[in-house]
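1. Quick check, what structure comes out for this input:
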Amino acid sequence: MSAHQPPGEPGAATAPGRRADPVAHDAVGYDAVVLAGGAARRLGGADKPGVRVGGRPLLDRVLAACADAGTTVVVAAPRPTARPVTWAREDPPGGGPLAALAAGLRHTTAEHVVVVSADLPFLDGTTVGRLLDTLRASGADGVLLTDADGRDQPLVAAYRAPRLRETLAHLTARHGSPHGLPLRRLVAGLHLTRIADPVASFDCDTWDDIATARARIREHGHVLDEWITAVKDELGIDLDVDTRGLLDLARDAAHGVARPAAPLTTFLVGYAAARAGGGPEAVAEAARKAAALATRWAEESTSGSAPSGGEPAASGPSGAAPSGSAPADSGPSDAAPAGSGPSGVDATRADVAPDATPDTRPDAG
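-> Model prediction:
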C-alpha cells in the first residue's frame, strides 16, 4: 500500500546542501545509514564513493546532506571523510543492500532513519528535511523518492526504524539471512509514501552519469554555492557564507579602489573575522566595516572639490598664488586644463581604476 505526494520543485529556492528551513525537522531526531560498499561493476570496479563531482567525493556530498543526523553510519570499509561517521560492515562483505542495511541499523537508536546510497550527487539537506517532515506527517512506514521514470528509489528514503527492524527480522527468519535478498522484498512489506524528485534521486551508476552530474553542477544556477561548499569542506570550515554580501564588497573594492583590491579585501575580512572569534556575526561585522571604508574611499577619489564648508585652497600672503605657481592673470598657455593630468586625463580621478570590472553577483543582469 502506498501514497503519492505530487512533485514540487526540489531545491528551487535553496542552494545545494542547504535547507530552505534550517529548523523544519530538527525537532524530529534522526539517524542516517549510508550504503557505500557496492562493487560498482558498471564503473569498471572503480571506487565509486571516492569519485569526485564538483571537487568533492560522492560520499562526502551525501554526508553533507545528512549533517544534522544524530548518528551517521556508513556501511563500507573505512576511509577518510569530511565528517565523522560510524563505520559498519555486513558479514561477510558483499551481501547486497539488504544485508548492508541490516548491518547499519544495528548502530542506530533514533525512531527515524534516513537510508541513502553514496552515489547521489544532488541530494541535499532540503530533500532530507522534506523526507523526514513527510514521514512525520503521513503516518506511513516510510517515505521514498521516485526518479525521472517514476521508479521507486528505496535508497533515498526516510523510514520508521522499528518497522524496518520488524520487516528485516521477518525476512531473516523466513530466508535464514538477508544476504543476497533484493530491496524490493523489504519495501513490499511497508506502507510507503512517495515523492517525485528526479534531481535528488539521480544516482551515478555509469561514467556517463558521472559526466552528466559534473556538467549539471556547472550549468545550474548554484555554481557559486557548489564552489563555496567544496572550499569549506576542503578547508574544514563549517560556516554559513553570505555570498551576495561578500560579492558586493568585492565589487565595491574593485570599482572604488582597484581591481586587485577585491580578493585582498575579502581575504582580510576573513582574517579579521577569525581573529574576532569566527562565526557569521564576525564575518558580517568585518564585511560591514570594509564596505563602509570602500564607500568612503570612492567618495574621496571621485570628489573634484572640497566639501561645502571645508577648508579653502592654500594661498600665499594677501591672496597671492602659492610659491611656484603661475600668476593668476597669466595669459593662455599650452598647459592642460586645470585639474587635468598628462594627455588631458583628469588628475582628480587618477587613482580611480577604470570601471571595467564586471558585476559578478548572481543577480547581476
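
2. quick check, distance from the strand of greatest length in the chain to the centre of its chain.
-> Longest strand in the chain by number of residues (criterion: DSSP state E): strand 152-160. Chain-centre distance of strand 152-160: 23 Å, with C-alpha atoms, centre = their mean, to the nearest Å.

3. What helices and strands are in contact with it?
-> If contacts are counted by 3 or more C-beta pairs under 8 Å, 6 or more residues apart in numbering; DSSP states H and E, strand 152-160 sits against strand 112-117, helix 125-138, strand 142-146, helix 183-187. (Glycine included, C-beta is placed from N, CA and C.)

4. Tell me the first helix or strand C-terminal of the helix or strand of the chain with the lowest mean pLDDT.
-> Least confident helix or strand of the chain, by mean pLDDT, DSSP states H and E, is strand 2-5 with a mean of 42. Going down the chain from strand 2-5, the next helix or strand is strand 30-35, by DSSP states H and E.

5. helices or strands up against that next one?
-> helix 58-65, strand 72-75, helix 97-105, strand 112-117.

6. what about these, which gets the closest to residue 125?
-> helix 58-65 (5.4 Å; C-beta to C-beta).

7. List of residues touching that closest one?
-> 17, 34, 36, 48-54, 56, 72, 74, 79, 81-83, 85, 116-121, 123-125, 127-128, 204, 229, 233 (C-beta atoms under 8 Å, 6 or more residues apart in numbering).

8. so where's the longest helix in this protein?
-> Using DSSP state H to define each element, the chain has its longest helix at helix 280-302.

9. on contacts alone, who are the packing partners of that helix?
-> Counting contacts by 3+ C-beta pairs under 8 Å, 6+ apart, helix 280-302 packs against helix 243-256, helix 261-275.

10. average pLDDT across the last one?
-> Along helix 261-275, the predicted local confidence has a mean pLDDT of 87.

11. Next, the angle from it to helix 243-256.
-> Put simply, helix 261-275 runs at 130 degrees to helix 243-256, going by axes from the mean of the first three to the mean of the last three C-alpha atoms, to 10 degrees.

12. Buried residues, helix 261-275. List them.
-> For helix 261-275, burial by neighbour count (16 or more other C-beta atoms under 10 Å) applies to 261, 262, 265, 266, 269, 270, 272, 273.

13. relative to helix 280-302, how tilted is it?
-> With the same axes, to 10 degrees defining the directions, helix 261-275 sits at 140 degrees from helix 280-302.

14. So what touches helix 261-275?
-> 246, 249-251, 253-254, 257, 279, 282-283, 285-287, 289-290, 294, 357.

15. switch to 6 Å and redo it
-> Contacting residues not belonging to helix 261-275 are listed as 246, 250, 253, 254, 282, 283, 286, 287, 290 [C-beta atoms under 6 Å, 6 or more residues apart in numbering].
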